[in-house]
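> A structural model of the following input is requested.
(2 chains)
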Amino acid sequence: MKKLEFVLIGLIVFASGCYKHNEPRVILREDVGSDTAGSNIVTEPIQHAFSALIGEGIEVTNAVTRRNDAGFLELYVNGRNASYNTKRFRYKVEWLDADGLMIETKTSVWLPMSAMGKSPFTIKAVAPRPQAVNFRMDTRTWE
Amino acid sequence: MKAKILYFIAAVCFLATGCAQETKMIDTMNDEGKAVMDLDYRDFDMAASKMVQSMLGSGALKKPEGDRYVVATGRILNDTTQRIDTDQLMVKIETEILNSGQAVMTSAIGSGSDALLHETRELRDSEEFDPGTVAKRQTLIAPELTISGKIFQRNIRYDRNTQQVEYYFQLKLSDVKSGLRFWQDETLIGKRGSSKSVSW
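Have a look, this model is predicted:
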């Protein structure tokens, strides 16, 4: 009898862990899409606990800059919230000129950002001076 | 007896100083203070930053001939229950427009007008002033674009003990000649807190 229970649990874990839909641009959340290892009633607590244990959080994939038609530098920071919980944080972008010096601007303030669990996110910022050629960005927790 | 009184006075002074709330400067660069239900400087900083980035990023201030637009600030309506000087928002935006190098603000007209510009023109007939140093007629430049908007508030009862306050910052940039709107945006700042901390 015990063997049967083990087999059943094993099947659930195996089946839920295997499911992956083929379109990475579409996120199917808990109770919307089919069960995954992270949303299955049996495996979810283990996955969440493991995620919290290894301290999963915000990960930055890349930062892309481009100059827009108006001549201002645009910044796109692409990242992913690797944890299962929504991460709320603040970020501040400072713009640097060709000499690497910071450009004083009133737009460089702490702005709020929120990324849902296991989801990608993008932060967009526009330099308010055409002299900006580079940037630096800082983050902190949302108090 | 005297010593007892002195001890007593010293103890009272010690206790009184312990109770006094110490005044501290706010670290406006990295303020980690709690959010408040009313609008504070952090909200204006955030709204101004988002609006400026949106406006400049849209390219609406880029004049086709490469010249600079003349922009006037129109009416910014405060439709909140708080006493707000809308310059708290607009000065930041005007500063960034000026520093962007794409437009100049006018002080001749609008809510940012300088009364002295007109007063000094009334000196043309004065015998006290050198006529050559007084501004001539038809020298003021008319604005090509205007910025106007409003800040308004909605109070919603969230549950028995909690209220939700929504602050909307809306701005629009219009072309004076054609009346066409080149840009507009809205920033929402929402706060949820105790019903006791009423924001009106």
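> so which bits of chain B are right by chain A?
Contact residues (C-beta under 8 Å from any C-beta of the partner chain) of chain B with chain A: B:30-35, B:42, B:45-46, B:48-50, B:52-54, B:56-59, B:61-62, B:92, B:95-96, B:99-102. In this view, the C-beta of every residue, glycine as well, is placed from N, C-alpha and C.
> just the buried members of these?
B:42, B:45-46, B:48-50, B:52-54, B:56-58, B:61-62, B:92, B:95-96, B:99-100, B:102 (16 or more other C-beta atoms under 10 Å in any protein chain shown).
> re earlier: out of the residues of chain B next to chain A, which sit inside helices?
Of the positions in the residues of chain B next to chain A, B:42, B:45-46, B:48-50, B:52-54, B:56-58, B:92, B:95-96, B:99-100 sit in helices, assigned by DSSP state H.
> so what's A:Leu75 up against?
The neighbours of A:Leu75, taking C-beta atoms under 8 Å, 6 or more residues apart in numbering or on different chains as the test, are A:63-65, A:93, A:123-127, A:135, A:137.
> in which helix or strand would I find it?
Here A:Leu75 sits within strand A:73-81, counting by DSSP states H and E.
> ok, and for the next helix or strand along the chain from that strand, which residues are buried?
Remark: after strand A:73-81, the chain's next helix or strand is strand A:87-96, criterion DSSP H and E. Within strand A:87-96, the residues that qualify as buried by neighbour count (16+ other C-beta under 10 Å) are A:87, A:89-96.
> how about the strands in the chain?
Let's take chain A. According to DSSP state E, chain A carries its strands in the segments A:58-67, A:73-81, A:87-96, A:111-115, A:119-126, A:134-141.
> actually chain B
Under DSSP E, chain B gives strands at B:69-79, B:103-105, B:145-157, B:162-175, B:181-194.
> chain center to the last one, what's the gap?
Per C-alpha atoms, centre = their mean, to the nearest Å, the displacement of strand B:181-194 from the mean C-alpha position of its chain is 14 Å.
> which strands and helices sit next to that strand?
helix B:41-58, strand B:162-175 (3 or more C-beta pairs under 8 Å, 6 or more residues apart in numbering or on different chains; DSSP states H and E).
> Serialize the ones you listed to a markdown table and add fields for mean pLDDT.
Converted to a markdown table, those look like this (pLDDT from 0 to 100):
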| stretch | mean pLDDT |
| --- | --- |
| helix B:41-58 | 95 |
| strand B:162-175 | 96 |
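> chain neighbours aside, what residue packs nearest to B:Asn78?
Closest residue in space to B:Asn78, ignoring its immediate chain neighbours: B:Ile84 at 4.7 Å, by C-beta to C-beta, 6 or more residues apart in numbering or on different chains.
> okay, now the one you found: neighbour count?
Counted with other C-beta atoms under 10 Å in any protein chain shown, residues neighbouring B:Ile84 total 18.
> what's the burial count for B:Ser194?
The number of residues packed near B:Ser194 is 10, by other C-beta under 10 Å.
> that one touches B:Gln163, doesn't it?
Yes: between B:Ser194 and B:Gln163 there is a contact under C-beta atoms under 8 Å: 7.5 Å.
> can you list the domains in chain A?
For chain A, the structural domains run A:2-53, A:58-141, going by automatic domain parsing.
> can you say which of these is packed in most?
Ranked by mean neighbour count under mean count of other C-beta atoms under 10 Å in any protein chain shown, those are led by domain A:58-141, which reaches a mean of 16.
> quick one: the closest residue to A:Gly57 other than its chain neighbours from chain B, how far?
Nearest non-adjacent residue to A:Gly57, counting by C-beta to C-beta, 6+ apart: A:Ser83, 5.4 Å away. Counting by C-beta to the nearest C-beta, to the nearest Å, the gap from A:Ser83 to chain B is 22 Å.
> which parts of chain A sit against chain B?
So chain A meets chain B at A:68-72, A:74, A:105-112, A:125-126, A:128-130, A:140, A:143 (C-beta under 8 Å from any C-beta).
> go with 10 Å
Applying C-beta under 10 Å from any C-beta of the partner chain, one finds that chain A approaches chain B through A:68-72, A:74, A:90, A:92-93, A:103-112, A:124-131, A:138, A:140-143.
> show me the shaky parts of chain A.
Residues of chain A that meet the criterion pLDDT under 70 lie in A:1-2, A:4, A:6-21.
> what about 80?
Applying pLDDT under 80 to chain A flags residues A:1-22, A:24, A:29-31, A:33, A:35-44, A:47-48, A:50, A:143.
> contact partners for the residue nearest the centre of it?
The centroid of chain A falls nearest to A:Arg80 when counting by C-alpha atoms, centre = their mean (2.3 Å). Listed by C-beta atoms under 10 Å, 6 or more residues apart in numbering or on different chains, the contact partners of A:Arg80 are A:56-61, A:115, A:118-121.
> including distance to A:Val32, could those residues go into TSV?
Converted to TSV, the contacts of A:Arg80 look like this (distance: C-beta to C-beta, whole Å):
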residue	distance to A:Val32
A:Glu56	21
A:Gly57	24
A:Ile58	23
A:Glu59	23
A:Val60	27
A:Thr61	24
A:Ala115	18
A:Lys118	13
A:Ser119	13
A:Pro120	17
A:Phe121	19
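> quick check: of those, which lies closest to B:Ser178?
Nearest to B:Ser178 among the contacts of A:Arg80, counting by C-beta to C-beta, is A:Phe121 at 38.6 Å.
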